[in-house]
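A.B. asks: Below: sequence and its predicted model.
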Amino acid sequence: MSSSTSTLSNTTDPTPDIPYTVPLPTGTPKDHTTHTESTTTIFLPKAGAFLNPVQHYNRDMSVAVIRAWNELRKEELEARFRSKLEKRGGLPKKKSKSKKKAGVEEVKEHKVAEESAADAQAEEGPPVMTGEESVAGPSTERKFRPPSINILEALAATGLRSIRYAKEIPNVKYVLANDLSPSACEAMRRNVEFNGVGEDSLRVRTSLQPAQDADGSAEERSAADTVEVKKEQPLGDEESKAEPQEVVEAEEGVEPKDRVGRRPDCRGRVKINEGDACAFMYSHRSPVGPSSRVDVVDLDPYGTAAPFIDAALGCISDGGLLAITCTDLAVLAGQQYPEKCYSNYGGVNVHAEYTHEAALRLVLHSIATCAARYGRYITPLLSFSIDFYVRLFIRVDTRPEQVKRLASNTGVVYTCNFCETPVIQPFGRIIEKESGKGVKMNSFKTHAGPTATDGSHCVECGGTMHLGGPLWLGPIQDPIFAKRVMNDISSQEKEYKTYSRMLGMLSLAAQELPDPFFFTANRIGKSVHMSSIPLTKILSALLNGGYKISRSHAQAGAIKTNAPRSFIYDIMREQAKVTPIRIDKISEGSPARKLISKPMTHTIDFTPHPDASLERTGKETFYQINPLPNWGPAPKAKSIQVTVTDNEGKRKVQEIEVAEGEEVEVSVKRTKTGNESAEAIDVDLQAEEKVDGGKIQKEEEMMNV
């Protein structure tokens, strides 16, 4: 279903017949509109909870990445399960003796024997007929059942993202949706009920539930063991097979859905919590129990995510996924506010054309250092600079020996103010040594710093160097994981409205080199007062020189390479032999004179290389052009308190929510009641709707242009 927005009448009639929804008993809420993404339709108050339709691409990408991570996690757990099973010779895990009554033990043994016989017959098929009687073949192979996952969205607003997770990601048990605003939580409850993914939407299980170990193995429970499970456990895999979902016919190329629009094997439910996001995440830091850690945490705040990073890292289980968004690019990638960037992320922003890549590395450094305090380390899977925000998908694990590598993956960067040549300074280095017995050992050392000249003046042009960082210097993309996500969405193209842009961004991530920072031909040509050289000519020279090349997702026309800047400027000096530079037009004190007159140190070969092409190969969209003016974040919702007078003349304080930038006019009216006068304060929200239904629909239709 395509995204659309329609206005509902101000009545309390039953909800209209919208596909994949459950009619509300209270009818249509007043002064609301509907917004649809995929198979999820939610109600939006005209003045209230925050939703940005521009983030449709963000939500599509999040669903695809979590699905791919879930499959990767299943494969890892199954490999671990098979390895342990092989070590035990295929025998089940030994159980410790529990103190139970003899009667219960007999019931348990009898029940397990019956279930084992039933499972054996189901696995082996019909009995094998011999000459006189039928004999069922034995079945000793244990099946792997992956444990379900829990997702926590700390700042859920309308709940659209949480509902989509419950409907579109398989193997989800609960989606914990939290928000501090009472009106947002009220909107979430209505939307969750409307989409049929609430806690009461699925019947409480009554059949036996297999107990799952940490490695994903399953062991049968007895009837006595499942008394409490019936009240607490959600619908499991066994019951979903026993009672299949009601499937709705779908068009060709689209996955079949159930009555409320769930994709295959999706049985998630949404739990809503009203409270502080950090307190809610801190309450899920236990390894086991009701407050145990969750598998995925999604942080999508309005502005910086810095206040939530520590709490989020504490509530993610080992191997879990952190999805984080920061929309404060004016701080992260701007030319100002270095003090604000340092206070939020522990580093100073970089003033160069590659500032958006530096923004990603600043956020990764902040997350990595925060995780290291708890003996945990991060592995970036995908890192994107998109439109007006950055979006990162990071795996979190606990391993102290990996934390020791953080110093070598962290450092500062010196950037030339004129030619933007970067000089990277790591904090540490790793030396591999081999012992007398042939065992390889790592030795962690400090790194030698730049000389005084290198630290204050550019080695290429002599310009002034500016300090940026600390920031993350390791890889920001996992090419193997990016290809996994690409393969996943390619088989489900019609499930994602923004498919072409997703494919383009993932294609760039899969080929992007891990080396920090990129350059553009226009900026290099500007440094030496030359016109830009054709891109294929620069790429051929780099490839002929034995260096690697790739695009960068952060900027159109950007090139990433492991070649030094001296080689890149030698390309311009070689080109200057054909198209001479007017040196008389350059002032005497300009760093460009030194840059041009510097002798060449590399041999440049412009022979066309067969791999010197980075063009599109299909229908992917690499760099989207903003389809409409003022394309960016929607105004932030905020609450204000006003004093109103009811019909009985009583004054009370009422909380209302308005969008940031809306004008609120408070007018005082005097009404006569006998000889007394009362002040009735009328609040007039004179806010012009910046995003109406037609505009949103047009934006969604043009997202892939």
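C.D. replies: Okay, I see it.

A.B. asks: other SSEs contacting the longest helix belonging to the chain?
C.D. replies: In terms of residue count, the longest helix belonging to the chain (DSSP state H) is helix 56-87. The contact analysis (3 or more CB pairs under 8 Å, 6 or more residues apart in numbering; DSSP states H and E) places helix 56-87 against strand 149-153, helix 160-168, strand 294-299, strand 316-326, strand 376-386, strand 389-398, helix 479-490, helix 499-511. Where you see a C-beta, it was placed from the backbone N, CA and C, and this is true even at glycine.

A.B. asks: Mean neighbour count for these - can I get that in a markdown table?
C.D. replies: Listed next are the helices and strands packed on helix 56-87 as a markdown table, based on neighbours: other CB atoms under 10 Å:
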| stretch | mean neighbour count |
| --- | --- |
| strand 149-153 | 25 |
| helix 160-168 | 28 |
| strand 294-299 | 24 |
| strand 316-326 | 22 |
| strand 376-386 | 22 |
| strand 389-398 | 22 |
| helix 479-490 | 18 |
| helix 499-511 | 22 |
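
A.B. asks: related to what we said a few turns ago, angle of the longest helix of the chain against strand 376-386?
C.D. replies: 150 degrees (axes from the mean of the first three to the mean of the last three CA atoms, to 10 degrees).

A.B. asks: now helix 56-87: mean pLDDT?
C.D. replies: In this model, helix 56-87 has an average pLDDT of 92.

A.B. asks: cool, and stretch 584-596?
C.D. replies: On average, the pLDDT along stretch 584-596 is 87.

A.B. asks: list the buried ones in that stretch?
C.D. replies: By 16 or more other CB atoms under 10 Å, the buried positions in stretch 584-596 come out as 586, 591-596.

A.B. asks: Counting only helices, which of the residues you listed make the cut?
C.D. replies: Of these, the ones assigned to helices by DSSP H are 591-596.

A.B. asks: what sits against the nearest residue to residue 190 once chain neighbours are set aside?
C.D. replies: Leaving aside its chain neighbours, residue 190 sits nearest to residue 43 (5.8 Å; criterion: CB to CB, 6 or more residues apart in numbering). Neighbouring residues of residue 43 by CB atoms under 8 Å, 6 or more residues apart in numbering: 8, 29, 32-34, 187, 190-191, 194.

A.B. asks: For residue 43, give me the backbone phi and psi.
C.D. replies: Backbone torsions for residue 43, taken as degrees, to the nearest 10, come to phi -90, psi 140.

A.B. asks: Kindly report the same for the one 10 residues further on.
C.D. replies: Residue 53 has phi and psi values of phi -60, psi -20 when expressed as degrees, to the nearest 10.

A.B. asks: Isn't it up against residue 35?
C.D. replies: Yes: here residue 53 reaches residue 35: they are 6.8 Å apart, a contact under CB atoms under 8 Å.

A.B. asks: Counting neighbours, go ahead and name the busier of these two.
C.D. replies: A direct count of neighbours by other CB atoms under 10 Å for residue 53 and residue 35 places residue 35 higher, at 23 against 19.

A.B. asks: quick one on the thing from earlier: and which of the buried residues of stretch 584-596 is nearest to residue 272?
C.D. replies: Checking these against residue 272 with CB to CB, the nearest one is residue 591 at 58.8 Å.

A.B. asks: State the distance from that closest one to residue 421.
C.D. replies: Using CB to CB, to the nearest Å, residue 591 is found at 10 Å from residue 421.

A.B. asks: between the two, what contacts are shared?
C.D. replies: Common neighbours of residue 591 and residue 421, using CB under 8 Å, 6+ apart, are 458, 461.
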